[in-house]
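>>> Fold the following, please.
(chains A and B)
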Amino acid sequence: MTQISISKVVKRARHIGLYILMAVIAFIMLTPIFLAMFNSVKLESQILSANMTFFPRSIHFDNYQYIFDRFGKFGAYFKNSLIVTISSVLLTIVFCSLGGYAFAKLPFRGRGIMLSIILFMMTFPLAVLLIPIYIMEYNLKLLNTNIGLILPCVATVVPFCLLIMRSVYIEIPDEIEEAATIDGCNVFETWMHIMLPASTGGLSIVTIFTFYNIWGEYMLSKTLVTRESAMTISVGVTLLKGEGGWQFGVLGAVVTLAMLPPIIMFMIFQRSLVSGLLSGAVKG
Amino acid sequence: MAKFQRSLSARQRTKARYGVIFVLPAFLLATVFMIYPLFASLYLSLTKYNFAFDTKPQFIGMENYVKAFQDSAFIDSIGVTAVYSVLYFVLVMLGGLILALMLFYAKGKTSVFRTAYFLPIVIPLSLSSFIFNWILQKNYGLLNYFLADILGVGSLTREWLSTNPWAMISIVVVSVWATVGFETILFLNGLQALPEDMLEAGIVDGATGFRTLFSIILPNLRETFAVTGIWAILQALKVYIVPSLVTWGGPGTATTVMYMYVYRQSFTYLEMGYGAALGFIMSILIMALSLLNMRISKKV
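Numbering: from 1, shown residues only, chains lettered A, B, ... in the order given. All right, here's what the predicted structure looks like:
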């Protein structure tokens, strides 16, 4: 009897220990994110002084004020990021839901080869494609434009998103499609009124995946955009440190603002983001 | 009957036509920004082409590839990438597995912890690198502050970013921080897919704790190990952002990885012919491992 209760106590203690350990690790994992947020509400003197602290002693919004006072520059970064990300997401949704539907349900000659080519492209690192893209955009005067960044960004996510949408459409039974045809829908109408609404699960994965990838996109942005007015926040932020000494507080505020959209998206769509990334890892 | 067949094939043809039209936008984009660049890059890799000085690419055959294998700085960067990859691989796999096991064994609510472990992966890597720059700063960095002022072990403080081997260790740790949550979720997925009676059988047999872990759980996670393992390798070979923003490849060339060297040749020195050749060598390395990934994932 005592044997059992002792082992129960041990088990209990071990369980509590496990939770404490997990909490400590969670805290460490979140520390960098908290640091940026905390620094953004500290005064400069509280960050650089010898008696600095991790937690803010008092909360000031001076750094955010500084950003809004000089909104031209910071605003441009955020504006570009928003334009590039939102346009890319929309284009990807349209391209991949149309293409995924065709790859799933509309057989045509050369379909298999086309799909294999797209799959094959997924394995190439961006490094090898970047040079011709740069030269091409230089010749077409697309460098330092939003559209010049949007198109290659979409191209990098299209293969994966096509696969996702294709697998979603394959799951939808043919009978539903046939019923729509009998009702007099043409192929486009079937896609629009029947297929698209039935694939919201896949669409949300595509949306999150694209949003998260392109908001944080660095390689293409760094290469194809060199002018500050066209820069996105993920690259722009790396240039800020050179100016006027290290304005840690202001930087904290910029970084915090730049982190918020993906964090908010993550909190809202956690489930589909995780499952989307999982299927990406397994396939790619 | 004949009429029915004809109408069926007419419908097939309509479908095929729509199919082509529907695929076209995505395929055009892939053609312009992936397939064409791939071939253009292949051609460029056979030319001498400095974007600043040469008016057009000049064909030189395999010379760039020969040069690459004699370029000691490039070979060094492959070496740096290899060291980085081994360290990263071991840490991210172990870390992911341990975190997943903890989440798996804790029977209660763990969603808060799962979120905390996973959150870093949604933060753009350029921002994370930036934050870690502060943390690892010598004078005002959080890590040195924590070591000296909180723990009181000032002797442990370091110039993390500019001394060996700490610069390499720093970029490995930053990369592990940013991605371990993803491996954790993959491992957790694998653990949760294990049949329940398998675990119970272990307990009935009297196999406790570590015995169950090593004799029953880990051997049955082969598929998961394949996926997480290759993901980690690919992630490691493509590393670029963290070393280029946290340590700037330094001190010296101690953290100048392959991708950074290729990028520098192409876009700093504008040697686009040579850069393309280096890019292809790197791609072949990465692709070989991707194909291996697909083979293994299919097999297990």
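>>> Okay, now the unreliable bits of chain A?
A:1-4, A:48-51, A:241-246, A:272-284 (pLDDT under 70).
>>> Skip the chain neighbours and tell me the closest residue to residue 170.
Since you didn't name a chain, this refers to chain A. Leaving aside its chain neighbours, residue A:170 sits nearest to residue A:104 (4.6 Å; criterion: CB to CB, 6 or more residues apart in numbering or on different chains). (Glycine included, C-beta is placed from N, CA and C.)
>>> Chain B, not that one
Per CB to CB, 6+ apart, closest to residue B:170 is residue B:160, 5.0 Å.
>>> in chain B, which spans are helices?
B:2-30, B:36-44, B:63-70, B:72-105, B:111-118, B:125-135, B:142-145, B:166-193, B:196-204, B:209-212, B:222-237, B:241-242, B:258-267, B:272-299 (DSSP state H).
>>> For the fourth one, buried residues please.
Burial within helix B:72-105, assessed by neighbour count using 16 or more other CB atoms under 10 Å in any protein chain shown, is assigned to B:74, B:76-78, B:80-81, B:83-85, B:87-89, B:91-93, B:95-97, B:99-104.
>>> Any residue of that helix touching chain A?
Yes. With CB under 8 Å from any CB of the partner chain as the measure, helix B:72-105 is seen reaching chain A through B:99, B:102-103, B:105.
>>> how about the residues you listed in JSON lines, adding pLDDT?
Shown next, in JSON lines, are the residues of helix B:72-105 next to chain A (pLDDT from 0 to 100):
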{"residue": "B:99", "pLDDT": "95"}
{"residue": "B:102", "pLDDT": "91"}
{"residue": "B:103", "pLDDT": "91"}
{"residue": "B:105", "pLDDT": "84"}
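>>> and of those, the nearest to chain A?
Nearest to chain A among the residues of helix B:72-105 next to chain A: residue B:102, at 5.5 Å, using CB to the nearest CB.
>>> wait, doesn't that closest one sit right on residue A:22?
Yes. The pair residue B:102 / residue A:22 is scored as a contact, 5.5 Å apart, by CB atoms under 8 Å.
>>> if we can go back for a sec, next, the residue nearest to residue B:170: phi, psi?
Backbone geometry at residue B:160, expressed as degrees, to the nearest 10, gives phi -60, psi -40.
>>> Spatially nearest residue to residue B:110, not counting backbone neighbours?
residue B:103 (4.9 Å).
>>> With residue B:43 instead?
Of all residues not flanking residue B:43 in the chain, residue B:57 sits nearest, at 7.5 Å (CB to CB, 6+ apart).
>>> Next up, the contacts around that neighbour.
Residue B:57 makes contact with B:43-44, B:47-49, B:273, according to CB atoms under 8 Å, 6 or more residues apart in numbering or on different chains.
>>> Just want the angle from the lengthiest helix in chain A to helix B:111-118.
Secondary structure of chain A per DSSP H: the longest helix is helix A:2-40. Counting by axes from the mean of the first three to the mean of the last three CA atoms, to 10 degrees, helix A:2-40 lies at 50 degrees to helix B:111-118.
>>> where's residue A:152 relative to residue A:235, distance?
Relative to residue A:235, residue A:152 is positioned 14 Å away (CB to CB, to the nearest Å).
>>> Also residue A:159?
Going from residue A:159 to residue A:235 by CB to CB gives 24 Å.
>>> Residue A:176 now?
For residue A:176, the distance to residue A:235 (CB to CB) stands at 45 Å.
>>> Tell me which of those two has more neighbours.
Just comparing residue A:176 and residue A:235: by other CB atoms under 10 Å in any protein chain shown the higher neighbour count belongs to residue A:235, 24 against 13.
>>> element containing the closest residue to the more buried one other than its chain neighbours?
Using CB to CB, 6+ apart and skipping the chain neighbours, the partner closest in space to residue A:235 is residue A:221 (4.6 Å). Assigned by DSSP states H and E, residue A:221 belongs to helix A:219-224.
>>> which residues are contacting the helix or strand following that helix?
Downstream of helix A:219-224, the next assigned helix or strand under DSSP H and E is helix A:233-239. When contacts are defined by CB under 8 Å, 6+ apart, helix A:233-239 is touched by residues A:74, A:76-78, A:80-81, A:215-218, A:221-222, A:225, A:228, A:231, A:251, A:254-255, A:258, B:124, B:126-127, B:129-130, B:245.
>>> Try it again at 7 Å.
Contact with helix A:233-239 is made by A:77-78, A:81, A:216-218, A:221-222, A:225, A:228, A:254-255, A:258, B:124, B:126-127, B:130, B:245, as judged by CB atoms under 7 Å, 6 or more residues apart in numbering or on different chains.
>>> Run a quick neighbour tally on the residue lying closest to residue B:190 once chain neighbours are set aside.
Spatial nearest neighbour of residue B:190, excluding adjacent residues (CB to CB, 6+ apart): residue B:224 at 3.0 Å. Neighbourhood size, residue B:224 [other CB under 10 Å]: 24.
>>> Retrieve the pLDDT associated with residue B:224.
With respect to pLDDT, residue B:224 scores 86.
>>> Report the angle between the longest helix of chain A and helix B:166-193.
Using the same axes, to 10 degrees: helix A:2-40 against helix B:166-193 is 130 degrees.
>>> hang on, the earlier thing: need the helices of chain B in JSON lines (columns: distance to residue A:132).
Converted to JSON lines, the helices of chain B look like this (distance: least, CB to CB, whole Å):
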{"stretch": "helix B:2-30", "distance to residue A:132": "14"}
{"stretch": "helix B:36-44", "distance to residue A:132": "4"}
{"stretch": "helix B:63-70", "distance to residue A:132": "15"}
{"stretch": "helix B:72-105", "distance to residue A:132": "21"}
{"stretch": "helix B:111-118", "distance to residue A:132": "36"}
{"stretch": "helix B:125-135", "distance to residue A:132": "24"}
{"stretch": "helix B:142-145", "distance to residue A:132": "42"}
{"stretch": "helix B:166-193", "distance to residue A:132": "29"}
{"stretch": "helix B:196-204", "distance to residue A:132": "52"}
{"stretch": "helix B:209-212", "distance to residue A:132": "54"}
{"stretch": "helix B:222-237", "distance to residue A:132": "22"}
{"stretch": "helix B:241-242", "distance to residue A:132": "22"}
{"stretch": "helix B:258-267", "distance to residue A:132": "11"}
{"stretch": "helix B:272-299", "distance to residue A:132": "8"}
